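K.L.:
Sharing a model prediction with you, sequence too.
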Amino acid sequence: MPYTVMMLEEAAQDIEAIYRYIRKSGREKAAIEMLASLRKACCSLSEHPERGHIPIEFSRISHFGYRQIIQGKFRIIYQVANPNVFIFGIIHGSRNISEILKRRMVRLDS
């Protein structure tokens with residue numbers, strides 16, 4: 001049974017910012033291709049969400065089911081809650097994932 005993939009607002013903003021950043025550098029085609037690639041990776045979680053691994057930053061809270069898959073230089077952070085997959089962020093691998101998600105959680109609680 002396929003899972004329903006739900007992208008949270010912050011993740012949708014991430015994907016839009018990635019697209020704008022690449023496009024701004026004058027690489028319109030690359031921006032479109034990256035957008036399609038990231039969306040395809042997110043949608044692929046509907047079939048096999050368990051394939052992602054627990055990010056090392058989240059090993060202490062692994063009971064919440066946070067996982068990630070890698071798409072190019074980006075980490076797609078998500079949580080499996082049968083029958084749904086919630087995508088929390090699409091974040092460049094060089095950024096501090098823990099800090100970004102911590103700020104987002106604080107905002108969600110406000």
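P.N.:
That came through, no problem. Predicted model, so just to flag it, every value in this text is computed and none were measured.
K.L.:
For the chain, which segments count as strands?
P.N.:
Per DSSP state E, the chain carries strands over the ranges 4-7, 66-71, 74-81, 84-92.
K.L.:
Now the residue of the chain most remote from its centre, what are its backbone angles?
P.N.:
When distances to the mean C-alpha position of the chain are computed (CA atoms, centre = their mean), the maximum falls on Gly26, with 24.6 Å. Main-chain dihedrals, Gly26, degrees, to the nearest 10: phi 90, psi 10.
K.L.:
any idea how far Ser98 is from it?
P.N.:
Using CB to CB, to the nearest Å, Gly26 is found at 33 Å from Ser98. Using the backbone N, CA and C atoms, a C-beta is placed for each residue, glycine as well.
K.L.:
list the contacts for Ile18?
P.N.:
Applying CB atoms under 8 Å, 6 or more residues apart in numbering to Ile18 gives the contacts Met34, Leu35, Leu38, Phe74, Ile90, His92.
K.L.:
Mark which of those are buried, thanks.
P.N.:
Buried by 16 or more other CB atoms under 10 Å: Met34, Leu35, Leu38, Phe74, Ile90, out of the contacts of Ile18.
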